[in-house]
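Chemist: coords below, sequence missing:
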């Protein structure tokens, strides 16, 4: 059995996975770490989690780590040296990696007798070609500080692309697809033959699509303008993009369900937030269609992608001349395939399962 931990700054999600029978096993979340009414730290969260588990059956622990930089392009065994490198990578993902590291450290202390393996969101995108991963900045500067496009949601893209191939009954190696991972964080990824060739998130998970609280793409000069015009420090300006932008900045709500409810009630801010959100997705679909040349499938996944039918319809509206259409009845029913049978591009809704994907990678890394 593999214990999978997804440790954030204020929560730890866990799942016990039997790779041979993924439907079995306990799962849950400890929330409000370090907040009033919650546990004080990640060590206490792990103690609470392990108190409800039979740890004698745990053979390994898999950890989700958001950013592996250029150093980690495949699952890695955790030891002191590896953790030291992870600490060095913290500036690349200051909102995500610290929680992951804290979870690893707490889990190693609580379960010292089993191997711990880190699985990186960025690893799937190690196949990005140079033209897609390179920013047009001074090459000495980018080399010195590791500035490049890394991409995220790779664990989700991996399992979703494989599941899509199974759904369509076609070899993954033959498929060109766009995976739209739409949750509180959101990304688009162009996948050719199972390999990532373009993705919307960049150096950090801030770039790309509109998200719950993150702005996605903006003119980089916005930051310096806010410094000059509004007197904001660089940290305060970035905070606006990271925590006060996206759906929250546009409508006051970061949850798409709330946005949809307010939009249906005629709220103009919610309507604009919805329109901006879907417009950005449509723009990326068009760009990635061009990157791939031939497009076989568009895949919606994660919380918004799997459950928000209005988003799926609006995001692909007006693309019928490209062979991309959504059947209204199938979409409303949240069918696995929501395009008409004769559509040139198959539009799918495929649930993600990042915990299972992590467990599979841990199992493959450690061997039978």
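Modeler: Now that the structure is in, tell me what you want to look at. Here the structure is a predicted model, which is why all the values come from computation and not from measurement. Residues are numbered from 1 along each chain as shown.
Chemist: Surely residue 185 touches residue 214?
Modeler: Yes: counting by C-beta atoms under 8 Å, residue 214 is a contact partner of residue 185 at 7.0 Å. In this view, the C-beta of every residue, glycine as well, is placed from N, C-alpha and C.
Chemist: Need the residues touching each of those two.
Modeler: Shared contacts of residue 185 and residue 214, defined by C-beta atoms under 8 Å, 6 or more residues apart in numbering, comprise residue 205.
Chemist: any idea how far residue 14 is from residue 106?
Modeler: 12 Å (C-beta to C-beta, to the nearest Å).
Chemist: Compare neighbour counts for these two and give me the winner.
Modeler: Set side by side, residue 106 and residue 14 show more neighbours around residue 14, with 26 against 22, by other C-beta atoms under 10 Å.
Chemist: any chance you could map the helices in the stretch 151-300 of the chain?
Modeler: For the stretch 151-300 of the chain, applying DSSP state H, counting those that start in this stretch gives helices covering 154-168, 221-230, 234-243, 246-251, 256-264, 268-292.
Chemist: what about these, which gets the closest to residue 72?
Modeler: Ranking the helices of the stretch 151-300 of the chain by distance to residue 72, with C-beta to C-beta as the measure, places helix 154-168 first at 11.3 Å.
Chemist: Show me what that closest one is packed against.
Modeler: Taking 3 or more C-beta pairs under 8 Å, 6 or more residues apart in numbering; DSSP states H and E as contact, the helices and strands that helix 154-168 lies on are strand 176-182, strand 186-192, strand 195-199, strand 297-301, strand 346-349, helix 354-366.
Chemist: of all those, which lies closest to residue 111?
Modeler: With C-beta to C-beta as the criterion, residue 111 lies closest to helix 354-366 of those, at 13.5 Å.
Chemist: hmm, who's touching the closest one?
Modeler: Residues external to helix 354-366 that are found in contact with it (C-beta under 8 Å, 6+ apart): 2, 4, 6, 13, 15, 17, 19, 22, 27, 60-64, 74-77, 115, 117, 119, 155-156, 158-159.
Chemist: Just the buried ones among these, please.
Modeler: Buried members of the contacts of helix 354-366, counted by 16 or more other C-beta atoms under 10 Å: 2, 4, 6, 13, 15, 17, 60-64, 75-76, 115, 117, 119, 155-156, 158-159.
Chemist: Out of the residues you listed, name the ones that lie in helices.
Modeler: Among those, the ones falling in helices (DSSP state H) are 155, 156, 158, 159.
Chemist: hmm, back to that, would you turn the helices and strands packed on helix 154-168 into a markdown table with mean pLDDT and distance to residue 240?
Modeler: Conversion of these to a markdown table gives the following (pLDDT from 0 to 100; distance: least, C-beta to C-beta, whole Å):
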| stretch | mean pLDDT | distance to residue 240 |
| --- | --- | --- |
| strand 176-182 | 98 | 22 |
| strand 186-192 | 98 | 18 |
| strand 195-199 | 98 | 24 |
| strand 297-301 | 98 | 28 |
| strand 346-349 | 98 | 33 |
| helix 354-366 | 93 | 29 |
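Chemist: can you redo those as TSV with distance to residue 150 and mean neighbour count?
Modeler: Below are the helices and strands packed on helix 154-168 laid out as TSV (distance: least, C-beta to C-beta, whole Å; neighbours: other C-beta atoms under 10 Å):
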stretch	distance to residue 150	mean neighbour count
strand 176-182	15	27
strand 186-192	11	26
strand 195-199	9	23
strand 297-301	20	26
strand 346-349	26	22
helix 354-366	17	22
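Chemist: Select, out of those, the one closest to residue 53.
Modeler: With C-beta to C-beta as the criterion, residue 53 lies closest to helix 354-366 of these, at 14.7 Å.
Chemist: Could you check how far the closest residue in space to residue 194 that isn't next to it in sequence is from residue 185?
Modeler: Nearest residue to residue 194, sequence neighbours excluded (C-beta to C-beta, 6 or more residues apart in numbering): residue 172, at 4.5 Å. From residue 172 across to residue 185, the span is 24 Å (C-beta to C-beta).
Chemist: is residue 179 in a bridge, and if so with what?
Modeler: Beta-bridge partners of residue 179, counted by DSSP bridges, are residue 189, residue 299.
Chemist: contacting residues around it?
Modeler: Taking C-beta under 8 Å, 6+ apart, one finds 156, 157, 160, 161, 164, 188, 189, 191, 299, 301 in contact with residue 179.
Chemist: ok, so of those, who is nearest residue 128?
Modeler: For the contacts of residue 179, the nearest to residue 128 is residue 189 (9.8 Å; C-beta to C-beta).
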